[in-house]
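S.K.: have a look at this prediction, sequence included:
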Amino acid sequence: EIIPDLEGSVGLLAAAVGDAELPDLSSYQQQPLVYLSQPNLEEGSPVKIAGSVKIRKRSVLVASTTKIQLEEKYASFEQRLDYQVAYEPVRQLMLTVPGIIRRPENLRIFLQATDIQSEDTAGSSVLPWSIIPRSENTGTGSEPLEIENISVDLLAEYTGALRIILKYQEQLPLLMADSSQRVNFLLVSPAVEDVRLVQNDVTINTQDIFVSEPADDLWQVVRGVASEESSGDRLRLQASGATTSLPVQMRMRRDISRTSTLIQRRWVQTALLNEQCRERLAFKIRTNESDLRIQFPPRGVDPSTLIVAINNQRVPVDLVVLDSQQELTIRLASSNVESDYRVELWYMRSGFDSQQLSLPLPTVVNSKMSGSTYWQIVTTNSKHLLGTPRGWTPEYDWSWSGLYWFRASALEQSDLEQWVGASTQLALPENTNQYLLSTVGEEDTLSASITSRSTLLLWISGMVLGIGLIILKLPVLQHPMVIFSVGIVSALVAVWVPELMLLVMQAAFLGIALVVVARILDWIISGPRIQTTAIQRGNYAQDTNSEAIALLKLDSSRATVEKEKKLDDSQQQEA
């Protein structure tokens, strides 16, 4: 830069830039020096320009403006650094970045070199950046190890106005509504070497989180612009220097226990086919949340088979990812607007017991069940549902098919899809048993007993056959009072659990038939029995003198008998 010396100059007068026609000097960063010759200067007289030469170093001014959008779990940052470069072009910029932010998948840097007044970053180009090794780091050495400098390559040399935009996210801690908590936001700061920070503003936007006063003397609330008193959704802060931290006291504005998500209808379809358990969960919800959080059980669900659809539109597979807590977050809308949504989940069960079902359901975080739930159990023809699970109401009727009784559901799959507002899928196979149950209120675990037809026939018919054979062999059990008691007990059981009793009676038919066959075979083999009556003698004294009887002679005994007969005949004649 030339600093003119008017006293040392000869024959010239300083003039304004507008007094002369100048070529395009936009690339020059110094104000042009314009001189006019003195009016009384004789022709041919020499002129002289006097001055000193000063070499200026690069001058970089930067203004930092950060917008923080608070959501329920994350804070999204958009930081704009407006540079004004003078005297010497710049190609690389140095930034101080905390370690939590400094991840390639998190930190993205864009260049906006044309119209810096525009708020649109669609036409911005992505800039590469790299970490400066600590041996080349120009820090003082007293900075924490997680704070390092990075070098941003502008891909060309720039002077004048220049804007770079940084976008990154930070995870928020769990906030409560009854107490405030200190939250330390981490910021990106321009490196102070050869750079002068002229402005450092932060605006915090929130809808569900209440932000109080900053917890550091370095940051001050900008009053009258967007302070806490004037707007509860925005807080503007300003710092007097460069810093990489913004501590504030925060708490939840609304009571975290109050739910804003209502589950109006829910339908669960559990298909036990081909030794697998395929489940379909559909529900209709009303919420004012922008994100839907679904908590999956720690075991029992295969995440690789998970498919999600919102309002009959399938969510891309790369967005269906469970975090370390088995929680799935789905974006519903860009803002918190109350609306109705239809959510569908498909997944496979793993490690389940096909006979004693105990299936924990995925639950919507911070939700309340306000409607009814339908549970549709689908099995093969050889599998049957034992009774009605506790807390559920059967939604089917017993119908006669000509040979046996079966359970016909009141609603088919198409009816349930229309009821909950789910997408229309292929119908279930015809050779299946379908059992429909319903309940009202919260129900987090599906429990039911499933058995095979062969097992049911073996146990029920075998038990009936055994009891029948015992009755046939023990005449005491054939007493009318015993049979009457058995009938009374059976009637009471039928009144208490009619559905189970009907299933047992149908399964016991084979056992009853075998008992009848056994009774017929026993009658055929044994034949008709002749009843004999024992002759009772009078109350005569029993002669037990067997020895004396054995010594009597047979002839004398006969003679005595004949003599007695003759005596009787003579007495009759005299009479």
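M.R.: Perfect, I can see it now.
S.K.: mind checking pLDDT for the residue sitting nearest the centre point of the chain?
M.R.: By C-alpha atoms, centre = their mean, the mean C-alpha position of the chain lies nearest to Ile294, the distance being 2.5 Å. If you check Ile294, the pLDDT there is 92.
S.K.: please apply the same query to Ile109.
M.R.: Ile109 is assigned a pLDDT of 91 by the prediction.
S.K.: same check on Val188?
M.R.: Per-residue pLDDT puts Val188 at 90.
S.K.: residues contacting it?
M.R.: The contact partners of Val188, taken as C-beta atoms under 8 Å, 6 or more residues apart in numbering, are 79, 95-98, 101, 107, 166, 168, 244. Using the backbone N, CA and C atoms, a C-beta is placed for each residue, glycine as well.
S.K.: pLDDT-wise, what's the bottom of the residues you listed?
M.R.: When the contacts of Val188 are compared, the smallest pLDDT is that of Ile101, 75.
S.K.: and the strands in the stretch 51-200 of the chain?
M.R.: Counting by DSSP state E, counting those that start in this stretch, the stretch 51-200 of the chain has strands at residues 51-53, 59-70, 74-98, 108-112, 125-126, 129-131, 147-171, 181-186, 189-190, 196-205.
S.K.: of all the ones you listed, which lies closest to Leu281?
M.R.: Each of the strands of the stretch 51-200 of the chain was checked against Leu281 via C-beta to C-beta, and the shortest separation belongs to strand 74-98, namely 26.3 Å.
S.K.: buried ones in that closest one, by neighbour count?
M.R.: Of the residues in strand 74-98, 75, 77, 79-83, 85-86, 90, 93-98 count as buried by neighbour count, 16 or more other C-beta atoms under 10 Å.
S.K.: likewise stretch 299-306?
M.R.: With burial defined by 16+ other C-beta under 10 Å, the residues of stretch 299-306 counted as buried are 300-301, 306.
S.K.: dump that stretch to CSV, restricted to CA.
M.R.: Below are the C-alpha coordinates for stretch 299-306, written out as CSV (Å, rounded to 0.1, in the frame of the first residue of the first chain):
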residue,chain,number,x,y,z
ARG,A,299,-35.7,-60.4,22.8
GLY,A,300,-38.1,-62.2,20.5
VAL,A,301,-38.1,-59.9,17.4
ASP,A,302,-35.7,-60.3,14.5
PRO,A,303,-34.7,-56.7,13.5
SER,A,304,-33.5,-57.8,10.1
THR,A,305,-37.0,-58.7,9.1
LEU,A,306,-38.6,-55.4,10.2
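S.K.: name the residues that touch it?
M.R.: The contact list for stretch 299-306 (C-beta under 8 Å, 6+ apart) reads 296, 320, 322, 328, 345-352, 359-360, 362.
S.K.: which of the residues you listed fall within strands?
M.R.: 328, 345-349, 359-360 (DSSP state E).
S.K.: quick revisit: distance to Thr373 added to the strands of the stretch 51-200 of the chain, as TSV?
M.R.: Converted to TSV, those look like this (distance: least, C-beta to C-beta, whole Å):
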stretch	distance to Thr373
strand 51-53	86
strand 59-70	35
strand 74-98	32
strand 108-112	43
strand 125-126	48
strand 129-131	52
strand 147-171	34
strand 181-186	37
strand 189-190	53
strand 196-205	38
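S.K.: can you say which of those strands is nearest to Ser339?
M.R.: Between Ser339 and these, the tightest spacing by C-beta to C-beta is seen for strand 59-70, at 20.4 Å.
S.K.: that closest one: how far from the chain's middle?
M.R.: When distances are taken as C-alpha atoms, centre = their mean, to the nearest Å, strand 59-70 is centred 37 Å away from the chain's centroid.
S.K.: buried ones in it?
M.R.: By neighbour count with 16+ other C-beta under 10 Å, strand 59-70 contains the buried residues 60, 62-64, 66, 68, 70.
S.K.: my guess is Met481 is in a helix, correct?
M.R.: Yes. Counting by DSSP: H, G, I helix; E, B strand; the rest coil, Met481 is found in a helix.
S.K.: name the helix or strand of the chain that has the lowest mean pLDDT.
M.R.: The least trusted helix or strand in the chain, going by mean pLDDT, DSSP states H and E, turns out to be helix 546-551, with a mean of 47.
S.K.: now stretch 194-206: buried residues?
M.R.: 195, 197, 200-206.
S.K.: let's have those residues in CSV, adding distance to Ser339.
M.R.: What follows is the buried residues of stretch 194-206, written out as CSV (distance: C-beta to C-beta, whole Å):
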residue, distance to Ser339
Val195, 47
Leu197, 43
Asn200, 39
Asp201, 34
Val202, 32
Thr203, 28
Ile204, 26
Asn205, 21
Thr206, 21
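S.K.: among the residues you listed, which pair sits farthest apart?
M.R.: In terms of C-beta to C-beta, the buried residues of stretch 194-206 reach their longest pairwise distance at Val195 and Thr206, which sit 30.9 Å apart.
S.K.: in its sheet, what does the helix or strand hosting Leu237 sit against?
M.R.: Following DSSP states H and E, the helix or strand that holds Leu237 is strand 234-239. Using DSSP bridges, strand 234-239 pairs in its sheet with strand 196-205 (antiparallel), strand 219-221 (antiparallel).
S.K.: to Thr451, which of these lies closest?
M.R.: Closest to Thr451 of the strands paired with strand 234-239, according to C-beta to C-beta: strand 196-205, at 58.6 Å.
S.K.: all strands of the stretch 301-450 of the chain, in order?
M.R.: Counting by DSSP E, counting those that start in this stretch, the segments of the stretch 301-450 of the chain that form strands are 301-310, 313-314, 327-331, 339-349, 356-360, 363-364, 367-380, 383-385, 393-394, 396-400, 405-409, 432-440, 445-452.
S.K.: which of those is buried the deepest?
M.R.: Ranked by mean neighbour count under mean count of other C-beta atoms under 10 Å, the strands of the stretch 301-450 of the chain are led by strand 383-385, which reaches a mean of 21.
S.K.: what's near enough to touch Pro98?
M.R.: By C-beta under 8 Å, 6+ apart, the neighbours of Pro98 are 146-147, 186-188, 244-245.
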